[in-house]
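Colleague: can't give you the sequence, but here's the structure:
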């Protein structure tokens, strides 16, 4: 209280001095100078208009800091400045979330004319097959949903598997997942309704919507179904494998999901379902991403022996990349040579991984050999691959060879002008003296 009164007295004296001078100076500057001289405790937030006011200004309404007309203008400027200080602009992620919410809240309107035109194409006693034909030709998913619901209200009509399937596909492609979920609940409510293709489509669209729990529940429903036509097939498992592999963004997450994939694979084999090449490649890819390369090699060597399918180019590419990531360049070269003897050409990812791994392990000659082979096979070479090879050559004291190789890349139009200059500048920054000495010679 003592401090507050002291501030009020000082502010009153200041105001009297201002009045005695008749505001010879700029009134706005006087106002700001008085605001600076006031202590933080002498301000209060007015809950009525949400503006900042000095306490002595509220308790002494007959005193004005500046003339009445100018006071409102200057206070408005100060209030906007103060509020901008306390409330910063929303972040980019917040605006993105708000835009997504707005887009999801905007529900499309039904095209009544198009809906009536589609209804007119149906006979009075139409069949589910005829309804499927009309829905298939319709591009508007909202009209398809309205047709589905309208047909449900017609007497003596019942939807079959095909009408449910085409409607769910239309809604899933349009990403109308909430409406699709309602149709799925209707399917699950009918015990005898369903087919393998229908449930596979449902699982696929749920995985596209990132609803993995819902997709797994549909999978369990398929396994517990008494209808043998609804039981999971190899296609069902492949959809789930793809969904789980696409979730991982680092090794730990891939490791966690790989345990689920391993259990699903074991369950599939125990149920007597023969895995195909896509299934086995998914297992190899999952093991490589989770850094279980030996398990990936085990599956690879079982192909054609335990499982009735042979490796393809994706099988080799996944393994070469995984072996190079662990620095096992000898095994990677063996697989690369075996791959070429079988008529397969390694992918750009395999070549880039192999060249980088060889260069980092000190095998510069092998790295350069595979780099030229990669260029001859017209595989795209990444900038980091050129940089790694040249950098490792310079580290071994072979700066002249590195500059000669870089010049050769430029003369054969392998590198663009921008990439050549960038690589040259990098080498000059890292090995400036050696590069200058090489040029002088």
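Modeller: Thanks, I have it. Not measured: the values here are computed from a predicted model.

Colleague: going forward, measure contacts between C-alpha atoms and count neighbours the same way
Modeller: Will do.

Colleague: In the stretch 251-400 of the chain, where is pLDDT below threshold?
Modeller: Counting by pLDDT under 70, the stretch 251-400 of the chain contains low-confidence ranges at 251-252.

Colleague: now the stretch 101-250 of the chain
Modeller: Counting by pLDDT under 70, the stretch 101-250 of the chain contains low-confidence ranges at 103-107, 248-250.

Colleague: Strands of that one, start to end?
Modeller: Shown for the stretch 101-250 of the chain, no strands are assigned by DSSP state E, counting those that start in this stretch.

Colleague: Can you get me a residue count around residue 188?
Modeller: Burial of residue 188, expressed as a neighbour count using other Cα atoms under 10 Å, amounts to 13.

Colleague: my bad, residue 114
Modeller: When counting by other Cα under 10 Å, one arrives at 13 neighbours for residue 114.

Colleague: now do residue 120
Modeller: As a burial measure, the neighbour count of residue 120 was computed by other Cα under 10 Å and equals 10.

Colleague: Show me where the stretch 301-441 of the chain has its helices.
Modeller: Defined through DSSP state H, counting those that start in this stretch, the helices belonging to the stretch 301-441 of the chain, from first to last, are 313-325, 329-341, 348-360, 364-376, 383-395, 399-411, 417-430, 432-440.

Colleague: Residue 213: which of the ones you listed is closest?
Modeller: Closest approach to residue 213 among those is made by helix 313-325 (28.2 Å; Cα to Cα).

Colleague: Can you tell me what sits against stretch 288-299?
Modeller: 251-252, 254-255, 258, 280, 283-285, 287, 318-319, 322-323 (Cα atoms under 8 Å, 6 or more residues apart in numbering).

Colleague: 6 Å instead?
Modeller: Applying Cα atoms under 6 Å, 6 or more residues apart in numbering, the contact partners of stretch 288-299 are 251, 254, 255, 284, 287, 322.

Colleague: Next, the buried residues of it.
Modeller: With burial defined by 16 or more other Cα atoms under 10 Å, the residues of stretch 288-299 counted as buried are 288, 289, 290, 291, 292, 293, 296, 297, 299.

Colleague: got it, and stretch 229-242?
Modeller: Of the residues in stretch 229-242, those scored as buried under the neighbour-count criterion (16+ other Cα under 10 Å) are 230-242.

Colleague: Just the ones in helices from these, please.
Modeller: Using DSSP state H, the members of these that fall in helices are 234, 235, 236, 237, 238, 239, 240, 241, 242.

Colleague: out of those residues, which one sits closest to residue 367?
Modeller: Among those, and counting by Cα to Cα, the member closest to residue 367 is residue 242, at 33.3 Å.

Colleague: Once you drop chain neighbours, what's closest to that closest one?
Modeller: Nearest in space to residue 242, with sequence neighbours left out and distances taken as Cα to Cα, 6 or more residues apart in numbering, is residue 282 at 7.3 Å.

Colleague: element containing the one you found, please.
Modeller: For residue 282, the enclosing helix or strand under DSSP states H and E is helix 277-289.

Colleague: can you state the direction angle for that helix and helix 313-325?
Modeller: For helix 277-289 against helix 313-325, the angle between stretch directions is 10 degrees (axes from the mean of the first three to the mean of the last three Cα atoms, to 10 degrees).

Colleague: any idea how far residue 240 is from residue 291?
Modeller: 21 Å (Cα to Cα, to the nearest Å).

Colleague: nope, residue 283 is what I was after
Modeller: The separation that residue 283 has from residue 291, given Cα to Cα, amounts to 12 Å.

Colleague: ok, now residue 164?
Modeller: From residue 164 over to residue 291 (counting by Cα to Cα), the distance is 42 Å.

Colleague: Then residue 101?
Modeller: Applying Cα to Cα, one obtains 38 Å for the distance of residue 101 from residue 291.

Colleague: what do you get for residue 179?
Modeller: With Cα to Cα as the criterion, residue 179 and residue 291 are 40 Å apart.

Colleague: same question, residue 96
Modeller: The spacing between residue 96 and residue 291, counted by Cα to Cα, is 35 Å.

Colleague: Report how many residues lie close to residue 385.
Modeller: 20.

Colleague: Equivalent analysis for residue 109, please.
Modeller: When neighbours are counted by other Cα under 10 Å, residue 109 registers 8.

Colleague: what's the answer for the one 10 residues further on, then?
Modeller: When counting by other Cα under 10 Å, one arrives at 16 neighbours for residue 119.

Colleague: Then the one 3 residues further on?
Modeller: Neighbour count of residue 122, defined by other Cα under 10 Å: 14.

Colleague: got it, and residue 187?
Modeller: The number of residues near residue 187, taken as other Cα under 10 Å, comes to 20.

Colleague: For it, give its distance to residue 142.
Modeller: 19 Å.

Colleague: try residue 314
Modeller: 40 Å.

Colleague: what does residue 374 give?
Modeller: Separation of residue 374 from residue 142 (Cα to Cα) stands at 50 Å.

Colleague: How about residue 237?
Modeller: 31 Å.

Colleague: before we move on, what about residue 239?
Modeller: Looking at residue 239 against residue 142, where the rule is Cα to Cα, the gap reads 27 Å.

Colleague: Residue 218 too?
Modeller: When Cα to Cα is the yardstick, residue 218 and residue 142 sit 25 Å from each other.

Colleague: Done for today, thanks.
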